[in-house]
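**Student:** build the 3D model from these lines:
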Amino acid sequence: MNTKSLLNHLEAYVADEIAGKRKALEWIEAQEKAIASNDAAGFEAATTGLKSLTAADGRSEIRRRKLTDSLAEAWRVSADALTLGSIAKRAGTDGRRLGELRTELRALVAKVMKRSRRLGALIGMHSRLNREIMETAFGSTEENKFEDSGSLVNAEA
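**Tutor:** Predicted coordinates for the structure are as follows:
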């Protein structure tokens with residue numbers, strides 16, 4: 001495969017990664033909405049969707065590694081030295097689109113990380129609130145081990 005073809009495949013790979021990050025954002029937003037609306041089934045569905053994206057990450061990593069290894073071989077450089085930015089720069093005008101996609105991917109990764117941290121904080125807040133409710137209802141955990149006292153059930157179920 002020639003360098004131009006490898007660059008085209010790498011662009012397709014990055015475009016797929018962008019689509020994956022957009023889908024991850026959708027699943028994270030669905031998790032947030034499910035938590036806010038007390039929708040356990042919706043949260044479970046969003047979590048399952050997010051897990052399926054995570055499972056695909058391994059295959060994606062293999063694909064990226066093969067492409068960068070091939071480019072490294074063609075350019076006679078170490079594959080570890082190649083990043084999307086350095087590949088776009090080395091490729092010159094042929095790498096312009098790759099550079100644009102890289103910028104878009106970086107922005108989406110930052111968004112996913114920010115939303116994930118926000119979701120983690122929301123889940124932590126809910127956990128602390130539930131613990132406080134349990135401690136209020138059953139006493140402190142030292143006085144009365146509410147873990148051994150039974151469990152709360154969803155009254156709506």
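
**Student:** make it CA atoms for all contacts and neighbour counts henceforth
**Tutor:** Will do.

**Student:** low-confidence bits of this protein, can you list those?
**Tutor:** 140-157 (pLDDT under 70).

**Student:** count of neighbours near Ala74?
**Tutor:** 13 (other Cα atoms under 10 Å).

**Student:** secondary structure element for it?
**Tutor:** Take DSSP states H and E as the rule and Ala74 turns out to sit in helix 40-75.

**Student:** same question, Val77
**Tutor:** Judged by DSSP H and E, Val77 forms part of no helix or strand.

**Student:** how close does it get to Gly85?
**Tutor:** For Val77, the distance to Gly85 equals 15 Å [Cα to Cα, to the nearest Å].

**Student:** neighbour count winner among those two?
**Tutor:** Legend: neighbour count by other Cα under 10 Å for Val77 and Gly85, higher for Gly85 (15 against 12).

**Student:** contacting residues around that one?
**Tutor:** Shown in contact with Gly85 (Cα atoms under 8 Å, 6 or more residues apart in numbering): Gly99, Arg102.

**Student:** ok, Arg63 next?
**Tutor:** Tyr13 are the contacts of Arg63 under Cα under 8 Å, 6+ apart.
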